[in-house]
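pasting the sequence and the predicted model now:
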Amino acid sequence: MKNNTNYKDAKKELLNIANLAKKEYKNDKPAIRQIINDKCYFLTYNLTSYENDLLHNYASKLHP
């Protein structure tokens, strides 16, 4: 993958956002999912479509 570091950086940022959302909204699972999905959609790391698909799959694994 050409943009492997971009993908790794996007994945790290998404994990940090997920952890923060889980701390702030402990009992609100729909809000946590929404925050993770929105952040995943708006990340700007110039990812390929394949990497973007991988990132969205990773986001679903972060859901509570």
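Everything's here; your move.

can you tell me, leaving aside adjacent residues, what's nearest to Leu33?
You called it Leu, but residue 33 is Arg. Once flanking residues are discounted, Arg33 sits nearest to His63: 5.0 Å by C-beta to C-beta, 6 or more residues apart in numbering. Just so you know, the C-beta spots here come from the backbone N, C-alpha and C atoms, and that holds for glycine as well.

so how far is Pro30 from that neighbour?
Between His63 and Pro30 the distance, using C-beta to C-beta, to the nearest Å, works out to 10 Å.

higher neighbour count, these two?
More crowded of His63 and Pro30, by other C-beta atoms under 10 Å: His63, with 13 against 10.

I'd say the residue nearest to Arg33 and Cys40 touch.
No: the pair His63 / Cys40 is not scored as a contact, 10.8 Å apart, by C-beta atoms under 8 Å.

what about Ile17, neighbour count?
Applying other C-beta under 10 Å, we find 19 residues neighbouring Ile17.

how near is it to Gln34?
The gap separating Ile17 from Gln34 is 12 Å, by C-beta to C-beta.

gap between Glu13 and Asn6?
As judged by C-beta to C-beta, Glu13 and Asn6 stand 11 Å apart.

what strand or helix carries the residue nearest the centre of the chain?
With distances taken as C-alpha atoms, centre = their mean, Leu14 lies nearest the centre of the chain, 3.4 Å away. For Leu14, the host element (DSSP states H and E) is helix 4-24.

contact partners of that helix?
Residues outside helix 4-24 that contact it (C-beta atoms under 8 Å, 6 or more residues apart in numbering): 1, 31-32, 35-36, 39-40, 43, 45-47, 51, 54-55, 58-59, 62, 64.

ok, Leu62 - contacts?
Counting by C-beta under 8 Å, 6+ apart, Leu62 has contacts 14-15, 18, 36.
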